[in-house]
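[1] Provided below are the primary sequence and the corresponding predicted coordinates.
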Amino acid sequence: MARQFPLEKVRNIGIIAHIDAGKTTTTERVLFYTGRIHKIGEVHEGTTTTDWMPQERERGITITSAATYVTWKDCHLNIIDTPGHVDFTAEVERSLRVLDGAIIVFDGVQGVEPQSETVFRQADKYNVPRLCFINKMDRIGADFYMSVKSIKDRLGANCSPVSLPIGAEENFRGIIDLIAMKAVYWDDKEGAKYHAEEIPSDLVDSAKKWRDGLLEKVSEFDDALLSKYIEGKAVEESEIKAAVRKGTLTGNFFPVFAGAAYKNKGVQPLLDGVCDFLPNPSDIPPTKGKDPDTDREIVRKIDDQEPFCALIFKIQTDPYVGKLSYFRVYSGELTTGMMVYNTRRSTTERIGRLLRMHAQHREEIKEVRTGDIAATVAMRNASTGDTICLENSPIVLEEIKFPDTVISVAIEPKTKADEEKLGVALMRLAEEDPTFRVKRDQETAQTIISGMGELHLEILVDRMKREFSVLANIGKPMVAYKETIKKKVQQEGKYIRQTGGRGQYGHVFLEIEPRERGAGLLFESKIFGGVVPREYVPAVEKGVKEAVDEGALAGYPIVDLHVTLVDGSYHEVDSSEIAFKIASAMALRAGCKNANPVLLEPIMKFEVSTPEDYMGDVIGDLNSRRAKVLDMQTRGNAKIIRGTVPLAEMFGYATTVRSLSQGRASFNLEPSHYEEVPRPIQEAIVAKAAGDKR
């Protein structure tokens, strides 16, 4: 069957931004102007297409990424609308991993905000080309040129406007297209009809200046355009577009568009920019992976004729069809009824149904091809980050890495009837969300859930109640501390049990040393001469990995260790895998206690925006919370304070900062890194942990 759209006409894009910059409003206009929907929904009314969950509609925020698709002119666009709140950053991470391009939306009043910076860096990590859309040009205080400057200064981005606003705030009337050198105005309230005319005479000089700046920047990417520009010759629109596209595809240039999605202005030129400047699947480099058996690198061309391979980037529980697995096809074709091989799980499953998603709505399709984003149902063993491919052409694609959790709470069912349902609900939610962790504390017999923030856990508990009919009691938030060591030690671990028949014998010497922060756990074996038989080394590694889950100081996970098996002994009859596993766990726990263990706490980046009158009180309060103020700037009438602060000190801060500023200050927090806890505070935490276990 022939392709509905040629590969060069396909665009896989995400819409990313800080919370409340207007991503969902922009997506809603895209759906309307492309004819995908016939009535514009609004976030504040809870009627938008991509914010379909009850929690999203009640709160007016995006919680989960939603996939949809549209056709604009002759291009097929697969679109993912992502959350802006830092607690749901995993949704952005997994979406960017499979997208070819993105629109990053900025608030025209605020410019670059903290989460704008975070999503911009996430897109850098995956080399995703971006368009910048400065939204909300109709709002009081909107400043397009300040926003462009903040993109250059705070993000270090080589950007230039391809459109300029005509007016601002209530006088925002349209845009100037700097490539066509025309003014564009919208004719009706819904913004569906628009026309171009000559640029107003009072704006011609400004438009020429900014166009020259655009040509100067993009001529770096096109030698023919550079020659024409230097010689002062006229440049065709198509030549400018080609140069802008070249710069955008390399990730070295970011075109900036102006508009006001809520007032239905500026969205169609943005869609033109997606088609003109962002990559199609064949523009991205061939997909690299590894052979699951040999670790040899494998390269797959972006081609329907190549063997099929795809990456599962999202799992979602659907009340009507069950478990949905979203995937991006990197090569080949997949049709219903085909068998696929999951290389991470070493399992084979039949594809029963293929679906193209439009938010929560499903459209049944028969096949998917290279570059497509789709979903399938009832893949029992699939999870986020798995590669599916043909069994006779196996490949493992790079997995998606997610940030560590920073906050935990204890949870327990309200009634006996809720007990069994709670376990099922937690398992399903953890399957969907890689940043949601569940563990059982063996000493206190509590179930502990961990996530990216208070809102994250609050939403998950609400989903348990609504989707799984589980009522639960929640404890107070706890910081997700970690432990590490500061010196190198060698530790013996010996496990001997004699019970009348065959006994148990395991004996190891481990060398344990610290690694740099964030490096994780590394295990290696330096056994020679068979003092520990080779078949027992995996058991030693397993014992080490299980032992690091509970630390030497206060029971928190131990991180950033290099553990080396250097010596040991075995018994020909009594040795077993379980004995070596227990011996290595004993050695690791004892060794960490002797290696100067310390607690690590999550440090958050903060940004507080406050009127100048209250700045002294706000800074004084931050200092009392062990904050480090790193930067202060002025934005309009507000003072912006940035720095880092321990998460443990910031519970209840929203209430405090409101009372200090008569409700006029706002703040943002996002995870930054882990840092050693000061000794007096560490002693208090350790003492409390010891008391809780008694």
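    Great, that's in hand.
[2] which residues touch the residue nearest to Ile641 when sequence neighbours are not counted?
    The spatial neighbour of Ile641 that comes closest, neighbours along the chain excluded (Cβ to Cβ, 6 or more residues apart in numbering), is Val608 at 4.6 Å. Any C-beta I mention is one placed from the backbone N, CA and C, and that applies to glycine too. Residues near Val608 by Cβ atoms under 8 Å, 6 or more residues apart in numbering: 618, 622, 640-642, 657, 665-667.
[3] may I have the strands that pair with the helix or strand encompassing Val608, each with its orientation?
    Using DSSP states H and E, Val608 maps to strand 598-611. Within its sheet, strand 598-611 is paired with strand 482-484 (antiparallel), strand 638-646 (antiparallel), strand 666-676 (antiparallel), according to DSSP bridges.
[4] can you give me the buried ones in the next helix or strand after it?
    On the C-terminal side of strand 598-611, the closest following helix or strand by DSSP H and E is helix 615-624. Neighbour-count burial for helix 615-624 flags 615, 617-619, 621-622 (criterion: 16 or more other Cβ atoms under 10 Å).
[5] and if you look at stretch 283-293?
    Of all the residues in stretch 283-293, those buried under the rule 16+ other Cβ under 10 Å are 283-284, 287, 289-290, 292.
[6] can you check stretch 376-383 too?
    Across stretch 376-383, burial judged by 16+ other Cβ under 10 Å covers 376-377, 379, 382-383.
[7] got the CA coordinates for it in CSV?
    Output of stretch 376-383 as CSV, limited to C-alpha atoms (Å, rounded to 0.1, in the frame of the first residue of the first chain):
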residue,chain,number,x,y,z
THR,A,376,-0.9,-0.4,20.1
VAL,A,377,-2.9,-2.2,22.7
ALA,A,378,-2.3,-5.2,24.9
MET,A,379,1.4,-5.5,24.8
ARG,A,380,1.8,-7.2,28.1
ASN,A,381,5.5,-6.9,28.7
ALA,A,382,6.2,-3.5,27.2
SER,A,383,7.4,-0.5,29.2
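[8] any idea how far that stretch is from the chain center?
    How far stretch 376-383 lies from its chain's middle: 22 Å, per Cα atoms, centre = their mean, to the nearest Å.
[9] which residues does it contact?
    312, 315, 318, 321-325, 327, 342, 345, 347, 349, 351-355, 388, 431.
[10] and stretch 283-297, what's its mean pLDDT?
    On average, the pLDDT along stretch 283-297 is 91.
[11] pretty sure Thr47 belongs to a helix, no?
    No - counting by DSSP: H, G, I helix; E, B strand; the rest coil, Thr47 falls outside a helix, being coil.
[12] and for it, the neighbour number?
    For Thr47, the count of nearby residues is 13 (other Cβ atoms under 10 Å).
[13] for it, which non-adjacent residue is closest in space?
    Closest to Thr47 by Cβ to Cβ, 6+ apart is Gly41, at 3.6 Å.
[14] near the one you found, how many other residues are there?
    Neighbour tally, Gly41, other Cβ under 10 Å: 18.
[15] residues in contact with it?
    Neighbouring residues of Gly41 by Cβ under 8 Å, 6+ apart: 28, 47-49.
[16] quickly note the distance from it to Thr25.
    Distance, Gly41 to Thr25, using Cβ to Cβ, to the nearest Å: 9 Å.
[17] what sits in contact with each of those two?
    Common contact partners of Gly41 and Thr25 (Cβ under 8 Å, 6+ apart): Thr48.
[18] worst-scoring helix or strand of the chain, pLDDT-wise?
    Using mean pLDDT, DSSP states H and E, helix 54-59 stands out as the lowest-scoring helix or strand of the chain, at a mean of 77.
[19] returning to that earlier point: mind putting the contacts of Val608 into a markdown table with distance to Glu676?
    Formatted as a markdown table, these follow (distance: Cβ to Cβ, whole Å):
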| residue | distance to Glu676 |
| --- | --- |
| Val618 | 27 |
| Leu622 | 20 |
| Ile640 | 28 |
| Ile641 | 24 |
| Arg642 | 22 |
| Val657 | 27 |
| Ala665 | 30 |
| Ser666 | 30 |
| Phe667 | 25 |
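[20] can you redo the residues you listed as JSON lines with pLDDT?
    Output for these, formatted as JSON lines (pLDDT from 0 to 100):
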{"residue": "Val618", "pLDDT": "92"}
{"residue": "Leu622", "pLDDT": "93"}
{"residue": "Ile640", "pLDDT": "88"}
{"residue": "Ile641", "pLDDT": "92"}
{"residue": "Arg642", "pLDDT": "91"}
{"residue": "Val657", "pLDDT": "86"}
{"residue": "Ala665", "pLDDT": "82"}
{"residue": "Ser666", "pLDDT": "80"}
{"residue": "Phe667", "pLDDT": "83"}
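[21] now the buried members of the residues you listed.
    618, 622, 640-642, 657, 665, 667.
[22] of all those residues, which comes closest to Tyr185?
    For those, the residue nearest Tyr185 by Cβ to Cβ is Ile640; the value is 34.7 Å.
[23] so which of the contacts of stretch 376-383 are in strands?
    Among the contacts of stretch 376-383, DSSP state E puts 312, 315, 318, 322-325, 327, 342, 347, 349, 354-355, 388 in strands.
[24] ok, of these, which come out buried?
    Buried members of the ones in strands among the contacts of stretch 376-383, counted by 16+ other Cβ under 10 Å: 312, 315, 323-325, 327, 342, 349, 354-355, 388.
[25] quick one, what contacts Pro129?
    100-102, 248-251, 277-279.
[26] most surrounded residue in these?
    In the contacts of Pro129, the most neighbours by other Cβ under 10 Å go to Ala102, 29 neighbours.
[27] distance to Val109 added to the buried residues of helix 615-624, as CSV?
    Below are the buried residues of helix 615-624 laid out as CSV (distance: Cβ to Cβ, whole Å):
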residue, distance to Val109
Met615, 20
Asp617, 24
Val618, 20
Ile619, 24
Asp621, 26
Leu622, 24
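[28] what comes into contact with stretch 496-505?
    Outside of stretch 496-505, the residues within contact range by Cβ under 8 Å, 6+ apart are 495, 506-507, 570-571, 573-576, 578-579, 582.
[29] buried ones among those residues?
    495, 506-507, 570, 574-576, 579, 582.
[30] flag the shaky bits of the stretch 451-600 of the chain, pLDDT-wise.
    499-501 (pLDDT under 70).
[31] which of the buried residues of stretch 376-383 fall within strands?
    Checking the buried residues of stretch 376-383 against DSSP E, those in strands are 376-377.
[32] and the buried residues of stretch 376-383, which two are furthest apart?
    Greatest spacing in the buried residues of stretch 376-383, by Cβ to Cβ: Val377 and Ser383 (14.9 Å).
[33] in a strand, Phe133, correct?
    Yes - with three-state DSSP as the criterion, Phe133 is part of a strand.
[34] residues contacting it?
    The contact partners of Phe133, by Cβ under 8 Å, 6+ apart, come to 26, 103-106, 256-259, 266, 270.
[35] tell me which of these is nearest to Ile16?
    Closest to Ile16, out of all of the contacts of Phe133 and judged by Cβ to Cβ, is Ile104, at 5.3 Å.
[36] that older thread, tell me the one among the contacts of Phe133 nearest to Asn392.
    Nearest to Asn392 among those, with distances taken as Cβ to Cβ, is Ile103, at 39.2 Å.
[37] which SS state does Phe32 fall under?
    helix.
[38] so it makes contact with Ile40?
    Yes - Phe32 is within contact range of Ile40, at 5.0 Å (criterion: Cβ atoms under 8 Å).
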